[in-house]
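K.L.:
Okay, here's the prediction I keep looking at, along with the sequence it came from:
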Amino acid sequence: MTLFINVCVFLAKTLILPLKLAEILGLLSFYKRVFPIIVYNITFSYNNKMNDKKRELFRNLDKFYPTTTGPLRILEVGCGSGANFEHYPTGSKITCTDPNHHFKKYLEKSMAKNDHLVYENFVVASGENLQTVEDSSVDVVVCTLVLCSVQDTSKVLQEAKRVLRPGGALFFLEHVVSDPSSWIYFFQQVLQPLWYYLNDGCEMTRAIWKDLETAGFSNLHLSVLEDSGLAGIGVGHGESLQTLHCL
């Protein structure tokens, strides 16, 4: 089975060589402008499909309100087009970051639709470098479909810990590698070379839970939903956190 997978992966990598060359020559930079359009347009169908999972993911957000009076402060890392906004509690203050500034136009459309929230800022920054966000300044960090495409997962998690107040929490939903004995694993390995280019650097073959286990958060909860190819990891920083789900 391993030999068969390796042969298939080799063939897949051979077929995408033109894309690899185009990337090296900088010819794929235009896709940074196109990708937000694609993401925004699939957000509606994706949210319909994942509505129950996201409702479960974010159902405990209100447990992380600050002990003093004030709104829930949420930092969304890799916010994209704002697909999560509808699930945030009314009055929450949202700071958004994304390394692709072309998302701003579509993010503003989502903000207009979700006027129950207060939007503080949109920062063009990678998850590894959140220096514009102060230490211990937010109650919740949200990171969905982001850790699968960052350059340094561990550094992103350390940045999340830095900006969280004591007792805050990280909520996320991510692509993770499946069980090696499953067909999902086979297709993940074979499709990954092309998937990387179609989804702006996403790698669905990462064992992200390993980075979480060593990140130093106080609580970690993991569940696997094999029927839909989902796995789930929950992380708390100083507080327990209910299960959340990763693709």
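P.N.:
Looks like it arrived, so ask away. In this text, all values refer to a predicted model and were calculated from it rather than measured experimentally.
K.L.:
Tell me the spacing between the nearest residue in space to His87 that is not next to it in sequence and Ala83.
P.N.:
In space, and not counting its chain neighbours, His87 is closest to Phe58: 4.3 Å by C-beta to C-beta, 6 or more residues apart in numbering. In short, each C-beta sits where N, CA and C put it, glycine included. For Phe58, the distance to Ala83 equals 12 Å [C-beta to C-beta, to the nearest Å].
K.L.:
now Ile37
P.N.:
Relative to Ala83, and taking C-beta to C-beta, Ile37 is found at 14 Å.
K.L.:
Equivalent analysis for Val141, please.
P.N.:
Val141 is 16 Å from Ala83, by C-beta to C-beta.
K.L.:
the more surrounded of these two?
P.N.:
Ranked by neighbour count (other C-beta atoms under 10 Å), Val141 and Ala83 place Val141 first, with 29 against 21.
K.L.:
Strand partners (parallel or antiparallel) of the helix or strand containing the more buried one?
P.N.:
Taking DSSP states H and E as the definition, Val141 sits inside strand 138-144. If you go by DSSP bridges, strand 138-144 pairs up with strand 73-77 (parallel), strand 164-173 (parallel).
K.L.:
Tell me the buried residues in that strand?
P.N.:
Neighbour counts using 16 or more other C-beta atoms under 10 Å place 138-144 of strand 138-144 among the buried residues.
K.L.:
Phi, psi for the closest residue to Glu203 other than its chain neighbours please.
P.N.:
Spatially, and ignoring its direct neighbours in sequence, Glu203 is nearest to Cys148 (5.6 Å; C-beta to C-beta, 6+ apart). Main-chain torsions, Cys148, degrees, to the nearest 10: phi -80, psi -10.
K.L.:
Next up, the contacts around Cys148.
P.N.:
Neighbour list for Cys148: 174-176, 202-204, 206, 208 [criterion: C-beta atoms under 8 Å, 6 or more residues apart in numbering].
K.L.:
Then Asn6?
P.N.:
Residues counted as contacts of Asn6 (C-beta under 8 Å, 6+ apart): none.
K.L.:
Quick one: distance of the host helix or strand of it to the chain centre.
P.N.:
Using DSSP H and E, the element containing Asn6 is helix 2-15. When C-alpha coordinates are averaged (C-alpha atoms, centre = their mean, to the nearest Å), helix 2-15 and its chain have centres 28 Å apart.
K.L.:
Nice, that's everything, thank you.
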